[in-house]
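A.B. asks: quick one: sequence and predicted model below, then my questions.
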Amino acid sequence: MLQVHDLHVSYGKARAVLGVSLHVDKGEIVALIGANGAGKSSTMRAVYGITKPTQGRVTFEGQDITGLPAHRIVPLGVAQVPEGRMIFEDLTIEENLLLGGLARRGSRDEQPMRRVLKLFPVLQPRTSEPASNLSGGQQQMLAIARGLMSEPKFLMLDEPSLGLSPLAAQEVFDLIVTLRADGVTILLVEQNVRQALAIADRGYVIESGRVILEGTSEQLLNNELLISAYLGVKRQ
């Protein structure tokens with residue numbers, strides 16, 4: 001579904017991504033993991049058209065989308081939930097959701113609001129409230145709901161558990177599993193390695209802008225380098 005080949009991203013003289021290659025097949029959850037500053041978010045931003053890559057190629061369902069702006073990528077069936085949620089706190093929950101549906105693909109008249117709110121019962125009775133009234137976990141749910149308003153078939157989540165309590169983070173990971181069961185393919189950028197790999201089919205580990213490990217979740221969870229560097233455990 002998604003193919004990234006030899007992707008490079010720079011910000012001026014600073015090189016953030018140095019030749020990342022990865023793929024995501026239809027129906028998968030694929031985790032992109034690594035330490036803060038490793039290049040995970042820069043890779044995602046380049047795929048989504050927020051940052052233009054300096055080199056490399058990105059294809060979605062066989063179509064070259066390299067360097068396309070985000071507003072041309074969304075109608076293809078791609079959505080991103082950015083790091084830090086970036087909801088509009090002064091707008092109501094309903095207004096935030098409606099903004100997420102502005103670039104919907106297709107021409108169906110039926111609005112996805114009702115379907116999206118069924119996935120987020122905590123938001124249903126509060127749609128007229130300002131988004132600032134929500135807790136951190138609820139704001140993350142709103143950010144994901146807003147991304148789903150464009151009816152994507154491919155969803156990119158950037159650090160969805162960042163800053164959340166363990167309970168709220170688990171609710172987000174449970175939701176990701178539900179979305180995959182509903183037919184959404186997911187690329188997950190996440191620092192919480194153990195939880196990300198617990199729900200993912202496969203994963204890539206990025207360090208200093210390069211992929212240093214890849215494999216099934218089981219393979220990565222049993223990799224000595226990953227265990228020592230990212231899970232904080234040293235085997236005897």
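C.D. replies: Great, that's in hand.
A.B. asks: Leu164: what's it in contact with?
C.D. replies: When contacts are counted by Cβ atoms under 8 Å, 6 or more residues apart in numbering, Leu164 is found next to Gly136, Gly137, Gln140, Val172. The way it works is simple: take the backbone N, C-alpha and C, and place the C-beta from them, glycine included.
A.B. asks: now Leu2, nearest residue through space, not along the chain?
C.D. replies: Val24 (4.3 Å; Cβ to Cβ, 6 or more residues apart in numbering).
A.B. asks: ditto for Leu91
C.D. replies: Ala131 (6.2 Å).
A.B. asks: how far away is the one you found from Val172?
C.D. replies: 17 Å (Cβ to Cβ, to the nearest Å).
A.B. asks: between those two, which has more neighbouring residues?
C.D. replies: A count of neighbours by other Cβ atoms under 10 Å puts Ala131 above the other of Ala131 and Val172, at 24 against 21.
A.B. asks: from Gln140, how far out is that one?
C.D. replies: Relative to Gln140, and taking Cβ to Cβ, Ala131 is found at 11 Å.
A.B. asks: taking the centroid of this protein, which residue is nearest it?
C.D. replies: The chain has Leu157 as the residue nearest its centroid, 1.4 Å off, counting by Cα atoms, centre = their mean.
A.B. asks: helix or strand right after the helix or strand that one falls within?
C.D. replies: Per DSSP states H and E: Leu157 is located in strand 154-158. For strand 154-158, the following helix or strand on the C-terminal side (DSSP H and E) is helix 166-181.
A.B. asks: and the contacts of the following helix or strand past that next one?
C.D. replies: Next helix or strand after helix 166-181 toward the C-terminus (DSSP H and E): strand 185-190. Contact with strand 185-190 is made by 1-2, 24-33, 40-41, 43-44, 47, 83, 153-161, 176, 179-180, 196, 199-200, as judged by Cβ under 8 Å, 6+ apart.
A.B. asks: can you give me the angle the host helix or strand of Ile144 makes with strand 154-158?
C.D. replies: If you go by DSSP H and E, Ile144 is part of helix 136-148. Orientation check (axes from the mean of the first three to the mean of the last three Cα atoms, to 10 degrees): helix 136-148 against strand 154-158 gives 150 degrees.
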